[in-house]
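Visitor: Here's a sequence, model it:
(2 chains)
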Amino acid sequence: MRVLRRFLVRLLNFATRQSADQRIREEMAEHVALQTEENLRAGMSPAEARRQAALKFGAADAIREQHHAEHSIPLIENLLFDLRYAVRMLLRSPGFSFIVIATMALGIGATTAIYSVIDATLLHPLPYPHPSELVRIEANLPGVGAHDVGFSIPELRDLRNSGIFQYVSFCFFGTDTLTGSGQPTRIAGGTVTPSYFAVLGVDAQLGRTFDPHDASPGSNGEVVISDGLWKRAFGADPHILSKSIRIDNDLFHVVGVMPASFRDQGQTSEQVSTELWAADGFSDRAPPMRGSRLVYETIARLQPGLSPEAAQGHLDALVASLKKQYPADYPPQAEWTFHLTPLAETLVGNVRQSLILLFGAVGLVLLISCVNVANLLLARASARGREMAMRQALGAARMRLIRQLFTESLLLFVLGGITGFAVLFCGRKFLLQFVPESLPHLNDISISWGVLAFAIVVSVAAGTIFGLAPAWLTSRLNLTATLRQEGRGSSGSRRRSRLRHVLVIGELALSLMLMVAAGLLLRSFWDLFRVQLGFNPTRVMAIETSLPNPNDPSTDIYRTATQESVFLREALRRIRTLPGVEEAAVSDRTAIPLGHSQNDRRIIPLLREGPEAQSSQPPLIDTSIVSPEYFHLLGMTLLRGRLFVDQDLEATPLVAVINQAAARMYWPGKDGKGEDPVGKRVRLLGRLGRARPEWTTIVGVIADARTESLADAGTPQIYLDIYQRPAKFLAFYLRGQVDPATISAQVRTQVQAVDAELPVFHAETLNDVLSSSLSVRRFSMEMVALFAATALLLAALGIYGTISYLVNEQTREIAIRLALGAQRSNILKMVLRQGLSLAGAGAAAGLVGALIVSRLMAGLLYGVSPTDLTTFAGVTIVLAAVALAASTIPALRAMRLDPITTLHSE
Amino acid sequence: MKEKPDVLQGTLALMVLKTLDALGPQHGYGIARRIEQISGDVLAVNQGTLYPLLLKLEHEGSIVSQWGASENNRRARFYRLTAAGRKQLQTETRDWEQTAAIIARFFEVKAEDLA
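Guide: The predicted structure follows:
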């Protein structure tokens, strides 16, 4: 308390220092004057009277100063002095200040920019209360290699009653068609169990969310809509809660409107911007048996205070007891387990690695900027050697000098940070354009207070680390030597020049690491870009539509494949008549090559005829439903058997086409050479528009195509005929010379001529789909390449500065050599050798670092080994060339030195 | 040399308070003169140290000050004891008297008294 009080008084004094000091001064003068008067009255001469008064009073200035030191805060006062001096120094060499501030602005601005992306995606992915309680639950069957197989209704009940969770919810996201007024609109909609909003912990702004204890087996007819949809489609109608809306031909009652700030959880930006949620109990979607699993995303909120690890332990116990209770449903060889993941981790999974790589890369750029600035500070230190020596000679303490130099460099770093932040803040709109749209939480990226705090902390930390060492070395000098040496460069700078060399070598090493990373990413990207697709995307356009999916099957006019085929054939016939269209086909939307995210795949258990027909744990396979024209339109090659033909109808035996990967994996033959799968029969379990899974005959095998992922050619696929198995979410394909701007409207006219209730949306050329599937890769590659280029530039500046400095220091020596008859080419060689030896040391250190970095980023590479010799060699050559070029300029200057003038001027 | 100001600081504050208590509002010179008259040479030199002390006492709330006119019509700052200052004076007087009494008894004691 006392200390605090004294400090406060001191602080107050500091603020009112001027007046207190003034007052003491006045009073003291007054005192002396009174004493003098009295001495005069006592008969002294005026001079003597003054002298005696002053003697009696004592050393007024010393008393004042002592009082001042006792009652104020000299640290802050000195800091203000230092700051004032630092600003003056900064203004006195504007060129130097500009370069330092610009370099730091670049480093800190870029780091802060990437941090703001990371802040929105990795650090705060869940804008809900107590986000750490949110988890995603998966059921896995590692014994049969099946992942995320979903939950059956009894299992869901077990989870809810386990006491581990507050709420558990199923959810799935797709598109719904909102009809009623004007154009049928397709909106991103979710179907969720009524506990969904209770899991997220968010309430409605108008009305209510669903009752989490609602036990309706299927849809209860309630929907909640987003603020955006409310404003857009219903004009922010305050009476919306009393109205019904029609979605996929079903009537729904709007019970609530979510707040404007609410965003759904999800991995894709489409999912995050879901606008409508329909409540559904899900329990009518599968028989209440343990084996009938529903593959939906399952999220839950843990009981308060329960860590995910502890919850996983409870889940394991639950699994063990269920296995004991129902041994027939959970055969031991399937190794049924539950796996719990914090929701925040699942949302950013696939970009996490890219973002961390970017952050690492930008961190290296920042480091190089700092090193560069430290180098510049050291260079200036030699110029200020005399000033420092003079100050020390006049009695300045070393600590005091360090403090002042440190204040100067800290000021430069912080100004750089502020500039970088300001540029970032002003340019944020412009910069956001470069972020790929597929990045989750793109809309949450903002320059917030947290980001500002980050920028400040980084600036101060960088300033402290990289400002202190130069300050230390600058203030450390041999007084007499420096003072005697009249501007000839100081001999006490050996330690400094050694440090400068180390810094330049470090800079070169770091930029080599970045360039290797960029080179490897570039090669991966290039390989992916030029990969043999196995299908031909040129001049192909995909346009989506979706058929109504009413809850009551008897109201569905597209219930059977025959009913749907009438619509499909007519729509295709009409689309083919459009100008420029050469071919048309249709499929379900999961068959759009590369056009969907990983969790949008239709993965279905595949049961082969034969001994394993009764297996309860069949392997899973990617399934697409396509029309016969699909393969020809996309240029996929038939290897064996036949494709679908017009004679394959609902009434005829079911047929399927598989790709080579599926043939290899599921019909490997006894000797592993492969047996002919054509003619083999399989059963596909799951909801494919048929109540009972029937035998499906494989009629053909096509070559593998990279329709699932560019990086992976061998995903097993099975294709089914759309005229035998109806699908709700459709994509039409058009090949030909069409105008992308108008084709969407033309197709819409034709489709709606058949059924006016259908939405037509999302027209995209397959080439666009292809390039957007590469967008995150391209983004990280471009950014790393940009950072690498920046790093190279900074390193070139660094080596240029160092060699120039060396040449300056050796001017005299070079002049003497020249005067004694040295060849000018020898001088050139001498200087270049110095540059190259720095580059060589830097490259050696950098190669070691690059090996470590490339191994860490192996997961992001495609088709190129992390130790790719070409990349490493190429990058090293580039670095050497740049270093050579940067040292050539000062080397030429040294070569052209005129010995007479130089030696005279010394 | 170093110890003298310390002792002085403690006793000087008490002297200032007592002076103000006895004489009422005074300016710095008046206080200095009064202390000089009574204590002889304690303040013979370094009268200046009085002023930081006055400032400190004012910060502590024992005294308050304001500008006024001195006897011969010069501008001077007058100091006055506050209630808190009076209380402090009482406490310190008592403390001082106790200390003095104890020390005095020690000085009175002779060897034979302890035998």
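
Visitor: Where does the closest residue to residue A:282 other than its chain neighbours sit: helix, strand or coil?
Guide: Nearest non-adjacent residue to residue A:282, counting by Cβ to Cβ, 6 or more residues apart in numbering or on different chains: residue A:170, 5.2 Å away. C-beta here means a position set from N, CA and C on the backbone, and glycine is covered the same way. Three-state call for residue A:170 (DSSP: H, G, I helix; E, B strand; the rest coil): strand.

Visitor: Residue A:170 - how many residues pack around it?
Guide: 24 (other Cβ atoms under 10 Å in any protein chain shown).

Visitor: Enumerate the beta-bridge partners assigned to it.
Guide: Under DSSP bridges, the beta-bridge partners of residue A:170 are residue A:298.

Visitor: Would you confirm that it contacts residue A:190?
Guide: No - checked against Cβ atoms under 8 Å, the pair residue A:170 and residue A:190 is beyond contact range at 10.3 Å.

Visitor: Centre-most residue in chain A?
Guide: Chain A has residue A:355 as the residue nearest its centroid, 3.7 Å off, counting by Cα atoms, centre = their mean.

Visitor: distance of that one from residue A:114?
Guide: For residue A:355, the distance to residue A:114 (Cβ to Cβ, to the nearest Å) stands at 8 Å.

Visitor: Just list what the host helix or strand of residue A:814 packs against, helices and strands only.
Guide: Using DSSP states H and E, residue A:814 sits in helix A:811-819. Helix A:811-819 sits against helix A:824-856, helix A:899-905, with contacts defined as 3 or more Cβ pairs under 8 Å, 6 or more residues apart in numbering or on different chains; DSSP states H and E.

Visitor: And the strands in chain B?
Guide: Listed in chain order, the strands of chain B (DSSP state E) span B:26-27, B:63-69, B:75-81.

Visitor: can you tell me which of these comes nearest to residue A:224?
Guide: strand B:63-69 (69.1 Å; Cβ to Cβ).

Visitor: how about the residues of chain A near chain B?
Guide: Contact residues, chain A versus chain B (Cβ under 8 Å from any Cβ of the partner chain): A:9, A:20, A:23-24, A:26-28, A:30-31, A:33-35, A:37, A:55-60, A:63-64, A:66-67, A:70-71.

Visitor: make it 7 Å
Guide: Contact residues (Cβ under 7 Å from any Cβ of the partner chain) of chain A with chain B: A:9, A:20, A:24, A:27-28, A:30-31, A:34-35, A:56-58, A:60, A:63, A:67.

Visitor: Of those residues, select the buried ones using a PyMOL command.
Guide: Applying 16 or more other Cβ atoms under 10 Å in any protein chain shown to these, the buried members can be selected in PyMOL as follows:
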select buried, chain A and resi 20+24+27+28+30+31+34+35+56+57+58+60+63+67
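
Visitor: Mind telling me which of the helices and strands packed on helix A:811-819 the model trusts least?
Guide: For the helices and strands packed on helix A:811-819, mean pLDDT drops lowest on helix A:899-905, to a mean of 82.

Visitor: ok, residue A:460 - how many residues close by?
Guide: Other residues near residue A:460 come to 15 when the count uses other Cβ under 10 Å.

Visitor: Next up, the contacts around residue A:860.
Guide: Listed by Cβ atoms under 7 Å, 6 or more residues apart in numbering or on different chains, the contact partners of residue A:860 are A:353-354, A:357, A:521.

Visitor: Could you save those as CSV and add columns showing pLDDT, secondary structure and neighbour count?
Guide: Putting the contacts of residue A:860 into CSV (pLDDT from 0 to 100; DSSP: H, G, I helix; E, B strand; the rest coil; neighbours: other Cβ atoms under 10 Å in any protein chain shown) gives the following:
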residue, pLDDT, secondary structure, neighbour count
A:353, 80, helix, 15
A:354, 83, helix, 23
A:357, 87, helix, 21
A:521, 89, helix, 28
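
Visitor: and of those, the nearest to residue A:247?
Guide: Residue A:247 lies nearest to residue A:354 out of those, by Cβ to Cβ, at 36.5 Å.

Visitor: quick revisit: in a markdown table: the helices and strands packed on helix A:811-819, plus mean neighbour count.
Guide: Formatted as a markdown table, the helices and strands packed on helix A:811-819 follow (neighbours: other Cβ atoms under 10 Å in any protein chain shown):
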| stretch | mean neighbour count |
| --- | --- |
| helix A:824-856 | 18 |
| helix A:899-905 | 12 |
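
Visitor: Chain A contacts on chain B?
Guide: B:28-29, B:32, B:45-49, B:51-52, B:55, B:59, B:74, B:76-77.

Visitor: Repeat the analysis, applying 8 Å as the threshold.
Guide: Checking chain B against chain A by Cβ under 8 Å from any Cβ, the hits are B:27-29, B:32, B:44-49, B:51-52, B:54-56, B:59, B:70, B:72, B:74-77.

Visitor: In helices, which of those fall?
Guide: The helices, defined by DSSP state H, take in B:28-29, B:32, B:51-52, B:54-56, B:59 from those.

Visitor: Generate a ChimeraX selection restricted to the buried subset of these.
Guide: Buried residues among those (16+ other Cβ under 10 Å), as a ChimeraX selection:
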select /B:28,29,32,51,52,54,55,56
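
Visitor: can you tell me which two in the ones in helices among the residues of chain B next to chain A are farthest apart?
Guide: Farthest pair in those, by Cβ to Cβ: B:29 and B:59, 21.0 Å.

Visitor: quick revisit: let me know which of the strands of chain B is the nearest to residue A:780.
Guide: Nearest of the strands of chain B to residue A:780, taken as Cβ to Cβ: strand B:63-69 at 70.6 Å.

Visitor: what packs against the closest one?
Guide: The helices and strands touching strand B:63-69, judged by 3+ Cβ pairs under 8 Å, 6+ apart, are helix B:3-23, helix B:50-60, strand B:75-81.

Visitor: Helix or strand with the lowest mean pLDDT in chain A?
Guide: When the helices and strands of chain A are compared on mean pLDDT, DSSP states H and E, helix A:479-484 comes out lowest with a mean of 70.

Visitor: Report all helices and strands that that one contacts.
Guide: Helices and strands touching helix A:479-484, by 3+ Cβ pairs under 8 Å, 6+ apart, are helix A:385-393.

Visitor: Ramachandran angles for residue A:634?
Guide: Main-chain dihedrals, residue A:634, degrees, to the nearest 10: phi -90, psi 0.

Visitor: Can you report how many residues lie near it?
Guide: Neighbours of residue A:634 under the rule other Cβ under 10 Å: 24.

Visitor: Surely it and residue A:593 touch.
Guide: Yes - the pair residue A:634 / residue A:593 is scored as a contact, 6.8 Å apart, by Cβ under 8 Å.

Visitor: intersection of neighbour lists for these two?
Guide: Counting by Cβ atoms under 8 Å, 6 or more residues apart in numbering or on different chains, the contacts common to residue A:634 and residue A:593 are A:535, A:537, A:705.

Visitor: On the pLDDT front, check the spatially most central residue of chain B for me.
Guide: The residue lying closest to the centre of chain B (Cα atoms, centre = their mean) is residue B:15, at 1.8 Å. Residue B:15 is assigned a predicted lDDT (pLDDT) of 85.

Visitor: the inter-axis angle of the helix or strand where residue A:53 lies versus helix B:50-60?
Guide: In this structure, residue A:53 sits in helix A:46-57 according to DSSP H and E. Taking axes from the mean of the first three to the mean of the last three Cα atoms, to 10 degrees, one finds helix A:46-57 and helix B:50-60 inclined to each other by 50 degrees.
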